[in-house]
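Novice: Take a look and give me a structure for this.
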Amino acid sequence: MTDASSAHFKHLQDLLWWLPLYIAVASLAIFLQPPLPVHSTRTLAVAWDMWAHHQFWVPHINGAPYAQKAPLLFWLIHAGWVVFGVNDVWPRLLMVLIGAAQLILSQALALRLFPEHPKVARAAPWVLLSLSFGFLFGLQIMYDGLLAVWVLATMLCLVPSQRHPSPRWIGMAVCTGLGLLTKGPVMLVHTAPVWLLGPWWCSWARAHRMRWYGFGLAAIISGCILLAAWVIPAVQMSSAAYAHNLLFKQTSGRVVDAFIHNRPFWWYLPWAVVLLFPFVAWPRMWAGVLLLPRPLPPGLRMTFAWLVPAFLIFSAFSGKQCYYLVPELPGAAIVMATAITLLRARGGRAAHSQWLSAWPPALGAFAMASLLFALPLAADSSKLQNHWLHDLAGISAPYGVLYVLLGGFMLLPGRGELRRLASACLIGSATVYVMVTMAIYPAFDMHPATSLLAHAETQGRAIGNLDSYDGQFEFAGRMTRPVIRLHEGQSLQSFAAKHRHGLVVAYPRRLTATDVHYARLVQPYRGVWIVIWDATSLATLRRGQQPPEPHAPTILLPTPNYWRYTQIH
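Specialist: Purely as a prediction, here's the structure:
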């Protein structure tokens, strides 16, 4: 066996451990329940609207152009539907494949950054797959995971290798364009600083500054041309309002005086603990970070040129969400993997001390187990007056046993400490998702409400929605006509007068006895309630009059037992 084939075999051998583990756990978790509102259902609603109306160039939702996102993820969903038909299995499988691609690309990037330390590349995917936020977010059908793939691919094109000492500019152009087609100009926030700081971390960039900046600028411009090849026809096919929202509002409206998620500059600092859990709670990782070599080697310089500017730029933006930093998680995983690997290679007390072991995450697992064991006891003593905790108490004890085992697994001595911590936290994160699925999700099951609205649409009834509508019924009900957005007052009265057999969906924070008596259907929904009304009944009540008695009792979901903890005003 040649050296090249031996190295290739070793690389494949490394994949055999973490890749099947991630695919198995992620697939089990993501297929336990239908896509969750509001993020996953909204993405599917856009893809379905485009598919149902054969409008593949301009994204649409609820019959109107959708300027919030570029179309690449929708096109990938459509590609699967061409082969398998319209379903919600392929989009979820696509998310699992995107997560696996992140792991593979992270290992490849770590190997290129630290060729002299191959154990960094072996450790990096373990660290990444165990980050709880990244794993749980990856179970949603959203754009940032796919964006992370193109960010990683762009980094791989920028970082020279031993066989190719110069960057791959054509690959960078293609990956930049695909990233722009995934989530717009924010792609450059993740990648452009690494290119701009090239001479600080890359010897080739220092030796060939003109070529580095010249070809890099050409690659970015080429990526923008790829985006423009979609944007220009899309704007021509749509309205001036769509063009304004797409080209200006969706970027500038999140940078200065954001119209959504407006938060202070320091907001990401405390949330960084959540993003980097559980490794942020591992003392040995921090010891490795504190003992990183000085000056920083080129590989670490590259990752810091990636992470620090992105963190500062996103902090400066007015609009903030945790998942905006998902494309930075692979870079953070590589830094943590490097810290642990170099600490182990150096040896000494810090590399083997039990005081620096994974005891804090293990204690967290034991604390979770204690809580899960206590819930049934509290339920039996009638001390639980919260339906969420009461539902969880019915299934919590077996999961408490699992968390005890995971905590003990993390404390086992010997080699493989990182892999034990990573495996335990991956399984622990998936277990949280499973518990929520089994105990809490039935209260959020949108199928009965969606079936009622879809049946009404087939009967030709108009459907109105009070306040904002995020497409949560559109894909699941395969609805093809727009849901009409309404407001309290004249808007509702006019709708009821025009559509006497129509239905109206409302989202009250508190239920009243009137809601429970006169509505068609009532169920919980993301901290509020979904109440579906006959339009004339609701309009009559809003005028202060009493509507006729309903023909059938109100459907109360999910179960009668759930309602004994609900206060009706």
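
Novice: buried residues in stretch 315-328?
Specialist: Ser315, Phe317, Ser318, Gly319, Lys320, Gln321, Tyr323, Tyr324, Leu325, Val326, Pro327, Glu328 (16 or more other C-beta atoms under 10 Å). The C-beta positions use only the backbone N, C-alpha and C, and glycine is treated the same way.

Novice: Using TSV, please lay out these together with pLDDT and secondary structure.
Specialist: Compiled in TSV, the buried residues of stretch 315-328 are given as follows (pLDDT from 0 to 100; DSSP: H, G, I helix; E, B strand; the rest coil):
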residue	pLDDT	secondary structure
Ser315	93	helix
Phe317	87	coil
Ser318	81	coil
Gly319	79	strand
Lys320	85	coil
Gln321	90	coil
Tyr323	92	helix
Tyr324	94	helix
Leu325	95	helix
Val326	96	helix
Pro327	96	helix
Glu328	97	helix
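
Novice: a markdown table please, covering those residues and showing distance to Gly145.
Specialist: Converted to a markdown table, the buried residues of stretch 315-328 look like this (distance: C-beta to C-beta, whole Å):
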| residue | distance to Gly145 |
| --- | --- |
| Ser315 | 22 |
| Phe317 | 20 |
| Ser318 | 24 |
| Gly319 | 19 |
| Lys320 | 19 |
| Gln321 | 14 |
| Tyr323 | 9 |
| Tyr324 | 12 |
| Leu325 | 12 |
| Val326 | 7 |
| Pro327 | 9 |
| Glu328 | 13 |
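
Novice: Leu503: which of the residues you listed is nearest?
Specialist: Gln321 (32.5 Å; C-beta to C-beta).

Novice: where's the closest one relative to Gln472, distance?
Specialist: 19 Å (C-beta to C-beta, to the nearest Å).

Novice: With Ser318 instead?
Specialist: Distance from Ser318 to Gln472, by C-beta to C-beta: 27 Å.

Novice: Check Arg543 too.
Specialist: Look at Arg543 and Gln472: by C-beta to C-beta, they are 28 Å apart.

Novice: Specify which residue of the two has the higher count of neighbours.
Specialist: Higher neighbour count among Arg543 and Gln472: Gln472, with 26 against 12, using other C-beta atoms under 10 Å.

Novice: The more buried one touches Thr43, doesn't it?
Specialist: No: the pair Gln472 and Thr43 does not pass the contact test of C-beta atoms under 8 Å, sitting 11.2 Å apart.

Novice: Next, the buried residues of the longest strand belonging to the chain.
Specialist: Criterion DSSP state E: the longest strand present in the chain is strand 528-534. Of the residues in strand 528-534, Trp529, Ile530, Val531, Ile532, Trp533, Asp534 count as buried by neighbour count, 16+ other C-beta under 10 Å.

Novice: what pLDDT does the nearest residue to Pro297 once chain neighbours are set aside get?
Specialist: Distances taken as C-beta to C-beta, 6 or more residues apart in numbering put Phe114 closest to Pro297, at 7.8 Å, once the chain neighbours are dropped. Confidence at Phe114, expressed as pLDDT, is 95.

Novice: Give me the helix or strand of this protein that scores worst on average pLDDT.
Specialist: Sorting the helices and strands of the chain by mean pLDDT, DSSP states H and E puts helix 250-255 at the bottom, at a mean of 58.

Novice: Look at Phe495 and tell me its secondary structure.
Specialist: helix (DSSP: H, G, I helix; E, B strand; the rest coil).

Novice: Who are the contact partners of it?
Specialist: Residues in contact with Phe495, defined by C-beta atoms under 8 Å, 6 or more residues apart in numbering, are Ala462, Gly464, Ile484, Leu486, Gly502, Val504, Ala535, Ala539.
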